[in-house]
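In: mind folding the following:
(4 chains)
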Number of protein chains: 4
Amino acid sequence: MNFASDNGGPAPQAVLDALAAANSGYAGGYGGDDLSQDVADRIRTLFEAPDAAVYLAATGTSANALALATLVQPFETVFCTPDAHIHMDECNAPEFFTSGAKLTLVPGDDRMTAAALRGALNGEENRGVHGPQRGAVSLTNVTEAGNVYTLSELKALCAVAKEFDLPVHLDGARFANACATLGCTPADMTWKAGVDVAVFGGTKNGLLGVEAVILFDQSRAWEFELRRKRGGHLFSKHRFLAAQMSAYLDNDNWMTWANAANSAGMRLRQGLEALGIGIANETQANMVFFNAPRRVHRALLQAGAIYHPWGDLDGGAEDAPITGRLVCDWSTQDSAIDGFLALCASALKA
Amino acid sequence: MNFASDNGGPAPQAVLDALAAANSGYAGGYGGDDLSQDVADRIRTLFEAPDAAVYLAATGTSANALALATLVQPFETVFCTPDAHIHMDECNAPEFFTSGAKLTLVPGDDRMTAAALRGALNGEENRGVHGPQRGAVSLTNVTEAGNVYTLSELKALCAVAKEFDLPVHLDGARFANACATLGCTPADMTWKAGVDVAVFGGTKNGLLGVEAVILFDQSRAWEFELRRKRGGHLFSKHRFLAAQMSAYLDNDNWMTWANAANSAGMRLRQGLEALGIGIANETQANMVFFNAPRRVHRALLQAGAIYHPWGDLDGGAEDAPITGRLVCDWSTQDSAIDGFLALCASALKA
Amino acid sequence: MNFASDNGGPAPQAVLDALAAANSGYAGGYGGDDLSQDVADRIRTLFEAPDAAVYLAATGTSANALALATLVQPFETVFCTPDAHIHMDECNAPEFFTSGAKLTLVPGDDRMTAAALRGALNGEENRGVHGPQRGAVSLTNVTEAGNVYTLSELKALCAVAKEFDLPVHLDGARFANACATLGCTPADMTWKAGVDVAVFGGTKNGLLGVEAVILFDQSRAWEFELRRKRGGHLFSKHRFLAAQMSAYLDNDNWMTWANAANSAGMRLRQGLEALGIGIANETQANMVFFNAPRRVHRALLQAGAIYHPWGDLDGGAEDAPITGRLVCDWSTQDSAIDGFLALCASALKA
Amino acid sequence: MNFASDNGGPAPQAVLDALAAANSGYAGGYGGDDLSQDVADRIRTLFEAPDAAVYLAATGTSANALALATLVQPFETVFCTPDAHIHMDECNAPEFFTSGAKLTLVPGDDRMTAAALRGALNGEENRGVHGPQRGAVSLTNVTEAGNVYTLSELKALCAVAKEFDLPVHLDGARFANACATLGCTPADMTWKAGVDVAVFGGTKNGLLGVEAVILFDQSRAWEFELRRKRGGHLFSKHRFLAAQMSAYLDNDNWMTWANAANSAGMRLRQGLEALGIGIANETQANMVFFNAPRRVHRALLQAGAIYHPWGDLDGGAEDAPITGRLVCDWSTQDSAIDGFLALCASALKA
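Out: Down below sits the predicted model:
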């Protein structure tokens, strides 16, 4: 009953098998090996983007920060939501990699609307050299609160960015889960919607630690490579990143695993709803946010359920509802879900 | 006959086995798992440093740059050799992670003498706020040219650093190879000699990509953790870094693998000497630098040998000697060495 | 009728006289001259802070950014208001000088309440290495909207900062105007209230371009000096900064000039109120914010009044009120004020 | 007898008069005033560069660092001499403003030869992403050792830079002195020779603190403006920088003052030579480097002469010669020179 995060579970056997398969003989370093080249080609094909530059990085934070650093200058600002991972959970990595650019928070929570984005962009009105210059828009799909932007929402947001001549970055730590929910192609969710640089995340969907950064415009590709090296993110034994990504692409595993995680999320959500427990967000992918009294959370956690309450368990009335975040991954078992639901039923009765 | 680098070969099976063993059930993220804690403890024991802070990073460049960033301020300078990896091969990563500190090159090649270091430290004479302030000394063992500092050399260099009240960083990308050559303990080569922060490299000695950074003084440990996260170098699925390091520590594998690489280097060197080929450096570990006419290099490479000539093959007289770098790793086969020596013999005769 | 800014008017003759007086013979460079030392001593005396470190800088942005850079680390965040000059008007200078620290906006406008500050500090809850660390609190007095924090408000805010063990920076671009309004001493408004580093601004109050940065704790004084030099902000002919500050301190000129500016502001405000024009903020110092229909602003500007409307003159209904900002300085003439009020009267009638 | 530096003397009266003349009425801030625009136009005319972007900064370090930051990327390196001010005397300002670019030292002292530059550029051979990329070449005229590059030397160096497609920065802290020595126009010494960005220094030649940065290619002009603001180097009361530069340009004062300084340097040099004292460098401008025994230096300094010995007075044999640096400025009096020469004569006899 571990729903703490989609970085807590094991990798599918196919990933380890791919590592083992790659672990033979000599290979060129720093991405010069055949497997690395092959994987980049396959991602270009998957994204229907033959001219894209494709790079692998081992962590989501590095993928995002390197992408942003190629898009914005130090005297610019990136527009994102207050819940964005790049703002909340990267310990100033975007500020570091961009050499001091700012993040401007578009009012709202995890999702921005086109109107809110336009308002924020206008709000950072042109005050000459005094304020930061508008630099880029950063979106996240699936969002940090488990919501999924629709393709039309993405298009509308990208269109606003283009009104201001700004590039769009897509944080796709849960790219596959969003794609699975939307039933769309990777191209639909990226360049066809107006995204300029996308992170195609693997780590939260089964890999040990690999994300692909896809620059649909190659003009700053070489700069990306230099920034990756300068950031210490170029692996000498690059084939072991490529091997993981290879397993991800094989047999549409990335989609299969995301579907499994999303299905688990749906089962969990429906079970909670059946118990009369309130669901906080739209929860269309692999994360479920549920509202329950403090005493229920306490009972669940004491009984061995593992997840993150979104608030202070000890800080208020026992009956006051707080939100809990449940995250499923490809490996989440029905038995774990059913066990958790049974715990919930007991806790509610107590 | 691939002697291009010690990052080109496969990982020992024990490493993949450890990954498989770690790939079961749920684990806390970001180093909060038991295996990560255990590995840190084992490194403290290995280094006889119960109070050290120990962190894992996936690349040598990140390990070095993060270490230096905790040691020096942006207005300071790091003293290193002109051949240092931090100067030559990290695309300004130290300057990036330190927010703009400088590197001061101590005259010499890959090794510095205590006298040269003292001279350089005095040369960066105290000119108040005008010049950079002295920040740290960075040493590398095995050096980039395949030489090994003796313990007394290390002690003498650290003593000079201490005269100026400066901390010492040890780039140990080939730490195990140096240790094997010196027949000393990890403690001997680090804190007992005066080193303050050491990188205990695994990537060039069999791992897929893991280095340990060891801060013998814990006072800046928390800062290191924040800088690692800010640099995008904290792995969410940290157990897979820990698993590799675990295999490294098991059964003294790190030493076994380094001895294998060093023995291969010795066999190669002796074979070359037996052919009358000049050896460029002392070559006490796993790298051999040999001098041969351009035409010999050309013949070797055309025959399928893979290694890096240290100079322009096409740029001068055919008989002018240039240096070639040969690197062995744990997996280098005697047959590959013998094959290469046979090629050399042929090429010399031709 | 120029009320555009307090950086638009001339300097008092005393400032030019002081420059002329200093312009004789040879003087040590980089602050090593007697006048520079003397001025620092006088500021220590004025602030009743014999152990403070005092430095001069030529621009407000550099004074703020250098001060913040000595207080916060790159992985930290500074708490300020959404209207703060450091956020709105310094083109990411704080992010630059701190090597990438973040600014966290405390909800509100130009002033923060102790409750809002505590909320924001708690909101940046401790999430380990994931989010930025709390670094410092930055206050501004007079605020950008012309309001003046009372001493008890300042104390309450500093007390909250101390609860979280954070240093407090005071942006005092209009320090003298605030002091004049409060009728307090410089010590009252700074270290006695809990401020750790204060900027004692001169540029907006008559000088050509000088601010003093006062570090009440000397422990990071040397670092400040190095950061000032590294930022290109150490003047070789430092005596010419010192001379300006000397004139500022002579005869309490700084207070006299601020009182003149504040009195002009009060006259302007009272005149506007007498005309029935709404005043937007408390306006206790040298800035007046007034609300008037677009058509009135247009009439005023066409008639030759110079000031900044706070909104788009052309973007909406003619009768919709928008705010105008009027700024007085030491040189503002009664005739200019009366002329402006007469224009207002005409425009309202039209 | 103060020969410590050309930043120690007073400003010509014309500079103070210009400040007084500018100190009347209201003026637009941040360079929006007429005088600032006029001065930029006059510099364009002086440099025969109607399309150049011209900006003022108050310190030489900021002028150099801002210029370099618009020319190079963080992953690049700037080629300069070991004696360059940007390397020796700016406390890592270039590294700061470029967000971590490196400086590569071209072997030699204060002057580089075209051959040495080409060697260094080739030496930073193309190693893909591993090393820093070649970014720019930085020259200084007059050099830090008082030498003056001829126009043909400048052209040859710029030509080498162009072979590698690199821009050239000219540190002209003593631009006027060099121009006076060469008898050339500002255009000759800059864009006609191949310089892309020049600093036209005023501070060491009579101004209180103003340098002009001239970008002969406007393409990065807006970026320069943003970087200047972000660096805290945009003056709100910009007219007071412009006023100084205006006085500099009036009546060719910049050339008159430089000629005065150079003539003083020549008188000093000839006087020393007449005494049989060795001159260290070519000394064609306003700095004279002379060799004398420690005991002579000691005698001179004790007798009240003020200058910088280039070495440790107390550290060796009394008769061992060390170099002394003497700097003249526009205000250096013949009487001071003659007094110094008399002291020298006495000291030599003693």
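In: alpha carbons only for contacts and neighbour counts from here, please
Out: Will do.
In: so how far is stretch A:196-206 from its chain's centroid?
Out: 6 Å (C-alpha atoms, centre = their mean, to the nearest Å).
In: ends of it, how far apart?
Out: Length of stretch A:196-206, first residue to last, C-alpha to C-alpha, to the nearest Å: 25 Å.
In: and if you look at stretch A:39-52?
Out: By C-alpha to C-alpha, the extent of stretch A:39-52 from end to end equals 13 Å.
In: can you pull the buried residues of it?
Out: For stretch A:39-52, the neighbour count (16 or more other C-alpha atoms under 10 Å in any protein chain shown) marks A:39-44, A:47-49, A:52 as buried.
In: please list all residues in contact with residue A:203.
Out: By C-alpha atoms under 8 Å, 6 or more residues apart in numbering or on different chains, the contact list for residue A:203 reads A:7, A:59-60, A:173, A:209-211.
In: quick check: phi and psi on residue A:156?
Out: When read as degrees, to the nearest 10, the backbone of residue A:156 gives phi -70, psi -40.
In: then residue A:102?
Out: phi -110, psi 160.
In: quick one: it and residue C:92 touch, right?
Out: Yes. In this structure residue A:102 lies within contact range of residue C:92 using C-alpha atoms under 8 Å: 6.8 Å.
In: overlap in contacts of those two?
Out: Joint contacts of residue A:102 and residue C:92 (C-alpha under 8 Å, 6+ apart) are A:74-76, A:132.
In: which of these come close to chain C?
Out: Restricting the shared contacts of residue A:102 and residue C:92 to those near chain C by C-alpha under 8 Å from any C-alpha of the partner chain leaves A:74-76, A:132.
In: what about the spatially most central residue of chain A, which SS state?
Out: Residue closest to the mean C-alpha point of chain A, counted by C-alpha atoms, centre = their mean, is residue A:173 at 2.1 Å. Look at residue A:173: counting by DSSP: H, G, I helix; E, B strand; the rest coil, its state is coil.
In: just list the residues touching the residue of the stretch 1-150 of chain A found nearest chain D, thanks.
Out: For the stretch 1-150 of chain A, the residue closest to chain D is residue A:129, as judged by C-alpha to the nearest C-alpha, at 5.5 Å. The contact partners of residue A:129, taken as C-alpha under 8 Å, 6+ apart, are C:91, D:225-226, D:229.
In: looking at the buried residues of stretch A:39-52, spot the one nearest residue D:252.
Out: Distance to residue D:252, by C-alpha to C-alpha, is smallest for residue A:52 among these, at 56.2 Å.
In: excluding its backbone neighbours, what's nearest the closest residue to chain C within the stretch 151-300 of chain A?
Out: Closest approach between the stretch 151-300 of chain A and chain C, counting by C-alpha to the nearest C-alpha: residue A:231, at 14.8 Å. Nearest residue to residue A:231 in three dimensions, chain neighbours excluded: residue B:93, at 6.0 Å (C-alpha to C-alpha, 6 or more residues apart in numbering or on different chains).
In: count of residues packed around the residue of the stretch 151-300 of chain A closest to chain C?
Out: 26 (other C-alpha atoms under 10 Å in any protein chain shown).
In: can you pull the pLDDT of the residue nearest to the centre of chain A?
Out: Model confidence at residue A:173, given as pLDDT, is 98.
In: ok, it - contacts?
Out: For residue A:173, the contacting residues are A:60, A:140-142, A:199-204, A:211, by C-alpha under 8 Å, 6+ apart.
In: strands along the stretch 151-300 of chain A, start to end?
Out: A:168-171, A:197-201, A:211-215, A:278-279, A:287-293 (DSSP state E, counting those that start in this stretch).
In: which stretch among those strands comes nearest residue C:157?
Out: Among these, the nearest to residue C:157 by C-alpha to C-alpha is strand A:287-293 (34.1 Å).
In: which elements pack onto that closest one?
Out: In terms of contacts (3 or more C-alpha pairs under 8 Å, 6 or more residues apart in numbering or on different chains; DSSP states H and E), strand A:287-293 is packed against helix A:253-274, strand A:278-279, strand A:321-327.
In: how close does the residue lying closest to residue A:57 once chain neighbours are set aside sit to residue C:269?
Out: Distances taken as C-alpha to C-alpha, 6+ apart put residue A:211 closest to residue A:57, at 5.3 Å, once the chain neighbours are dropped. Separation of residue A:211 from residue C:269 (C-alpha to C-alpha) stands at 59 Å.
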